[in-house]
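Enquirer: need a structure here:
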Amino acid sequence: MRDYQRLFIDGDWVVPIHRGVFESVDPSDESVLAQVAAATAEDIDLAVSAARRAFDKGDWPRLKGGERAKVLRRIAQSIRERQQELAAIEVRDNGKPLPEALWDIADAAGCFDYYAGLAEGADILSEQSINVPDERFSCSVIKEPVGVVAAIIPWNFPLLMASWKVAPALAAGCTVVLKPSELTPLTALELADIAHSAGLPAGVLNVVSGLGRDAGAPLADHVDVDKIAFTGSVPTGQKIMQAAASEIKNISLELGGKSPFVIFADSDLDAAVEWILFGIFWNQGQVCSATSRVLVERELYEPLLMRLVTAAEKIQIGQGFTEGVKLGPLVSRDQLEKVLKAIAVGQEEGARLVAGGTRPHHLPKGYYLAPTIFADVPEDSSVWREEIFGPVVCLRAFDSEYEAVRLANDSSFGLAAAVMSRDTERCERVARQFRAGVIWINCSQPTFVEAPWGGYKRSGIGRELGEWGYNSYLEIKQITQYNGGSWGWYSS
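Expert: Sure, this is the predicted structure:
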């Protein structure tokens, strides 16, 4: 494994000014995986200054989109060539099972390819003529890169979340300072090496690992940052929004969720169980869009609950490289303790624990938690209303479509929602009533780079992915020209 005790700033690997390091821990066995460079405010200033110079004086923002696309495609190709290696790093750094990590790395490569395509198209669409009612004037609109981007990403999908921000920002012509989570910094540092080898100019992408208070906060506060793109928790998002307010910065926030999954009695039982499992136990439930609130029509409630418990107890838990493992450890000791505390509070508040809730007996080391199922969960309980970010699912019965929609929408979050029924008209009707940004019908969690991603309410501001994610890194400029003779307003 490479030496991770350096930051990537202005096209070079540099030791942090204060030479600080922190430990990256393998959550499967609690061993120290790597010593990682710990940036502080001085390092952040160097990184932002490098990005500022690259944007203000460098070639990258001024290149044709097709030229930027060539670099993005080389990045995508390198990620594919190193898929096994990068996936193995994420298994050890994050804890997720290897098949999931391989899927994530492939998606990251696809993200760079997709935005390369949009960059190529931008050469045609970069200027648009506008018809105005006064023929003495001509008007056009152009799109320009927003500038220096501070990209602050979470630990649940390390390289993929980096790609969701870095790829569209680079495609648009921006320069970037990427700050990965201190829990999973390694593949972001690998991305710096990949981008550099692909020919990305110095200063266009800078990667600074470090603790949130020492590196993330000064990056969000930096006066020379034009846009903050953040994915993470609501409390941190609130702080970043406050930091952005001082300079009225462009901002996008992808925050938490407590997504509902409404299942009607005519649903196929096996399919319902499979999609519930995928919706909450993928990535150990550490997914902002996880469908953690399951609403089941009363007629199907008990049969589904019994089948779900049986299926959950069969899930193989263990280290991510072990064949057949479908549930790895949570990312850290702190995260495990938070989830265990939430489970205990849920029981105190009247939710009925029917599966899991404890560490598996055969795994004394590592941050493991058995798949956990609560039934008959009170509507006002914390496990029903607050994001847990772990392999914990809550079930309630409902008696009517109206009640199901009311319960689904009764949340301060609005990232995603799902509905299942053989009645396609009902699915469409319910889907349109959900107050959420991402809706699934007869499934849960499929995500495509071509489609917008983001939520309502406390789940965030703005959209990532698709053309919407690309446009969030662009500014819109109007240019109006007078084509007539003397205006004569004051001289007449």
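Enquirer: So L160 belongs to a helix, correct?
Expert: Yes - with DSSP: H, G, I helix; E, B strand; the rest coil as the criterion, L160 is assigned to a helix.
Enquirer: For it, give its distance to W453.
Expert: The gap separating L160 from W453 is 11 Å, by CB to CB, to the nearest Å. Backbone N, C-alpha and C define where each C-beta goes, glycine included.
Enquirer: how's the protein carved up into domains?
Expert: 7-255+459-478, 260-441 (automatic domain parsing).
Enquirer: Out of those, which gets nearest to W489?
Expert: domain 7-255+459-478 (12.7 Å; CB to CB).
Enquirer: Endpoint to endpoint, the closest one covers what distance?
Expert: 39 Å (CA to CA, to the nearest Å).
Enquirer: can you give me the helices for the stretch 201-350 of the chain?
Expert: 217-221, 234-247, 269-281, 298-313, 333-348 (DSSP state H, counting those that start in this stretch).
Enquirer: Of those helices, which shows the lowest average pLDDT?
Expert: With a mean of 94, helix 234-247 has the lowest mean pLDDT of the helices of the stretch 201-350 of the chain.
Enquirer: low-scoring stretches of the protein, by residue?
Expert: Within the chain, the ranges that satisfy pLDDT under 70 run 1, 124-125, 492.
Enquirer: longest helix anywhere in it?
Expert: helix 98-125 (DSSP state H).
Enquirer: what residues does the helix or strand just after that helix touch?
Expert: Downstream of helix 98-125, the next assigned helix or strand under DSSP states H and E is strand 127-130. If you take CB atoms under 8 Å, 6 or more residues apart in numbering as the criterion, strand 127-130 is touched by S138, C139, S140, V141, I142, Q478.
Enquirer: For the fifth one, which residues count as its bridge partners?
Expert: With beta bridges defined as DSSP bridges, I142 has these partners: E127, K477.
Enquirer: which SSE is V176 in?
Expert: Applying DSSP H and E, one finds V176 within strand 175-179.
Enquirer: following that strand, which helix or strand comes up?
Expert: Next along the chain from strand 175-179, counting by DSSP H and E, comes helix 186-197.
Enquirer: and the angle from that following helix to strand 175-179?
Expert: 160 degrees (axes from the mean of the first three to the mean of the last three CA atoms, to 10 degrees).
Enquirer: who does the strand or helix carrying V430 touch, helix- and strand-wise?
Expert: Here V430 sits within helix 424-433, counting by DSSP H and E. Other helices and strands packing on helix 424-433, by 3 or more CB pairs under 8 Å, 6 or more residues apart in numbering; DSSP states H and E, are helix 401-409, strand 416-420, strand 438-441.
Enquirer: Of all these, which one is nearest N94?
Expert: Among these, if distance is taken as CB to CB, the winner is strand 416-420, at 21.3 Å.
Enquirer: how close does the residue nearest to G454 when sequence neighbours are not counted sit to L183?
Expert: Of all residues not flanking G454 in the chain, R463 sits nearest, at 4.0 Å (CB to CB, 6 or more residues apart in numbering). R463 sits 26 Å away from L183, taking CB to CB as the criterion.
Enquirer: next one: Y470
Expert: From Y470 to L183 the distance is 28 Å (CB to CB).
Enquirer: can you pull the contacts of the nearest residue to D268 once chain neighbours are set aside?
Expert: With sequence-adjacent residues excluded and distances taken as CB to CB, 6+ apart, D268 is closest to R422, at 7.4 Å. Going by CB under 8 Å, 6+ apart, R422 touches D266, S267, D268.
Enquirer: can you put the residues you listed in TSV and add distance to Q319 and neighbour count?
Expert: What follows is these, written out as TSV (distance: CB to CB, whole Å; neighbours: other CB atoms under 10 Å):
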residue	distance to Q319	neighbour count
D266	40	13
S267	34	23
D268	33	13
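Enquirer: In strands, which of these appear?
Expert: Per DSSP state E, strands hold no members of the contacts of R422.
Enquirer: Can you tell me which of those lies closest to A151?
Expert: Closest to A151, out of all of the contacts of R422 and judged by CB to CB, is S267, at 39.5 Å.
Enquirer: Quick check, the closest one in contact with Y301.
Expert: No - checked against CB atoms under 8 Å, the pair S267 and Y301 is beyond contact range at 11.7 Å.
Enquirer: What strand or helix carries E85?
Expert: With DSSP H and E as the test, E85 turns up in helix 83-94.
Enquirer: relative to helix 98-125, how tilted is that helix?
Expert: Using the same axes, to 10 degrees: helix 83-94 against helix 98-125 is 110 degrees.
Enquirer: Are there helices or strands packed against helix 83-94, and which ones?
Expert: strand 21-26, helix 98-125, helix 158-172, helix 186-197.
Enquirer: For the residue nearest to G454, the count of nearby residues, please.
Expert: Neighbour count for R463, taken as other CB atoms under 10 Å: 20.
Enquirer: A416 pairs with what?
Expert: V438.
Enquirer: pretty sure G58 contacts C174?
Expert: No - assessed by CB under 8 Å, G58 is found out of contact with C174, at 11.5 Å.
Enquirer: The two: which is more packed in?
Expert: Neighbour tally, G58 and C174, criterion other CB under 10 Å: the higher count belongs to C174, 29 against 18.
Enquirer: what's the distance between the more buried one and D221?
Expert: 19 Å.
Enquirer: what's the nearest residue to T480 if we skip its chain neighbours?
Expert: Using CB to CB, 6+ apart, the closest residue to T480 is C139 (4.7 Å).
Enquirer: Now the phi/psi pair for the closest residue in space to G110 that isn't next to it in sequence, please.
Expert: The shortest distance from G110 to any residue other than its chain neighbours is 5.9 Å, reached at V449 (CB to CB, 6+ apart). With angles defined as degrees, to the nearest 10, V449 sits at phi -60, psi -20.
Enquirer: How about D134?
Expert: Residue torsions, per degrees, to the nearest 10, at D134 are phi -100, psi 110.
Enquirer: where does it sit relative to Q478, distance-wise?
Expert: For D134 relative to Q478 (CB to CB), the value is 15 Å.
Enquirer: Next: S259.
Expert: 39 Å.
Enquirer: re earlier: in the contacts of strand 127-130, find the pair that's most separated.
Expert: Between any two of the contacts of strand 127-130 (CB to CB), the greatest distance is 13.3 Å, for S138 and I142.
Enquirer: For A119, which residues are in contact?
Expert: Here A119 is in contact with G65, G66, R68, A69, L72, A171, A172 (criterion: CB under 8 Å, 6+ apart).
Enquirer: In JSON lines: those, plus neighbour count.
Expert: Output for these, formatted as JSON lines (neighbours: other CB atoms under 10 Å):
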{"residue": "G65", "neighbour count": "21"}
{"residue": "G66", "neighbour count": "13"}
{"residue": "R68", "neighbour count": "25"}
{"residue": "A69", "neighbour count": "24"}
{"residue": "L72", "neighbour count": "28"}
{"residue": "A171", "neighbour count": "28"}
{"residue": "A172", "neighbour count": "26"}
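Enquirer: Show me which of those is closest to L363.
Expert: L72 (40.8 Å).
Enquirer: List the residues that contact that closest one.
Expert: L72 neighbours (CB under 8 Å, 6+ apart): F112, D113, Y115, A116, A119, A167, L170, A171.
Enquirer: what about 7 Å?
Expert: L72 sits next to F112, Y115, A116, A119, A167, L170, A171 when contact means CB atoms under 7 Å, 6 or more residues apart in numbering.
Enquirer: Make a markdown table out of these and add distance to S459.
Expert: Formatted as a markdown table, those follow (distance: CB to CB, whole Å):
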| residue | distance to S459 |
| --- | --- |
| F112 | 26 |
| Y115 | 23 |
| A116 | 29 |
| A119 | 28 |
| A167 | 22 |
| L170 | 26 |
| A171 | 25 |
